[in-house]
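Q: fold the stuff below for me.
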Amino acid sequence: MSTIPYSAPQFTLPSTNGTTVSLSRLRGKWVILYFYPKDDTPGCTTQACSLRDARDTLAEMGAEIIGVSKDDASSHEKFKQKHSLNFSLLTDAEGTVINEYGAWGKKMYGREGILRKTFIINPEGMVVKVYGRATPLGHGEAVIADLKALQSGS
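A: Take a look at the predicted model:
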């Protein structure tokens, strides 16, 4: 694991609407990048809805939320529609970006998979906060509080 702050690994991944999202195109904005195991599972839904509810506040703070999993665009679109998610969900089918961010590893019972990790990336493209195993419930509120502290220099 790198020492914070460190340069965020660059990526370009497909989104639900047929476009791609590149971290380089978000330069100048705060980015809340989170990795999650699977669309429409209990923990992932709780986390996504928490971030959905925090989105307007985060947007006012100049931040954009991006979720990443291995699920395909069709699955992401159903997940977004079902839970009124108001941010981009990207597909990393090969797991390349998931690996680059260290979001793949051992889970419960020794199985490997996507770890629930969130990264706050500043406008200069530096990772300034990492949630190693994000707690789904209240995650949006935690991100708001930490972003406020980061923006105020606390």
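Q: can you tell me the closest non-neighbouring residue to the residue sitting nearest the centre point of the chain?
A: Central residue of the chain (C-alpha atoms, centre = their mean): residue 34, 1.6 Å from the mean position. Of all residues not flanking residue 34 in the chain, residue 118 sits nearest, at 4.1 Å (C-beta to C-beta, 6 or more residues apart in numbering). (Glycine included, C-beta is placed from N, CA and C.)
Q: run the chain-centre distance for whichever helix or strand the one you found is part of.
A: Per DSSP states H and E: residue 118 is located in strand 117-121. The chain centroid and the centroid of strand 117-121 are separated by 6 Å under C-alpha atoms, centre = their mean, to the nearest Å.
Q: who are the packing partners of it?
A: If you count contacts as 3 or more C-beta pairs under 8 Å, 6 or more residues apart in numbering; DSSP states H and E, strand 117-121 packs onto strand 30-35, strand 126-131, helix 139-152.
Q: and it, average pLDDT?
A: For strand 117-121, mean pLDDT rounds to 97.
Q: that one to strand 126-131, inter-axis angle?
A: 150 degrees (axes from the mean of the first three to the mean of the last three C-alpha atoms, to 10 degrees).
Q: so the residue sitting furthest away from the middle of the chain: helix, strand or coil?
A: The C-alpha centroid of the chain is most remote from residue 109, which lies 24.6 Å away (C-alpha atoms, centre = their mean). Of the three states, residue 109 takes helix under DSSP: H, G, I helix; E, B strand; the rest coil.
Q: and the longest helix for the chain?
A: helix 42-60 (DSSP state H).
Q: other residues contacting that one?
A: For helix 42-60, the surrounding residues in contact (C-beta atoms under 8 Å, 6 or more residues apart in numbering) are 30, 32, 34, 36-38, 64-65, 67, 69, 79, 83-87, 116, 134, 136-141, 143-144, 147.
Q: in that helix, which residues are buried?
A: Neighbour-count burial for helix 42-60 flags 44, 45, 47, 48, 49, 50, 51, 52, 54, 55, 58 (criterion: 16 or more other C-beta atoms under 10 Å).
Q: same deal with stretch 142-151?
A: 142, 143, 144, 146, 147.
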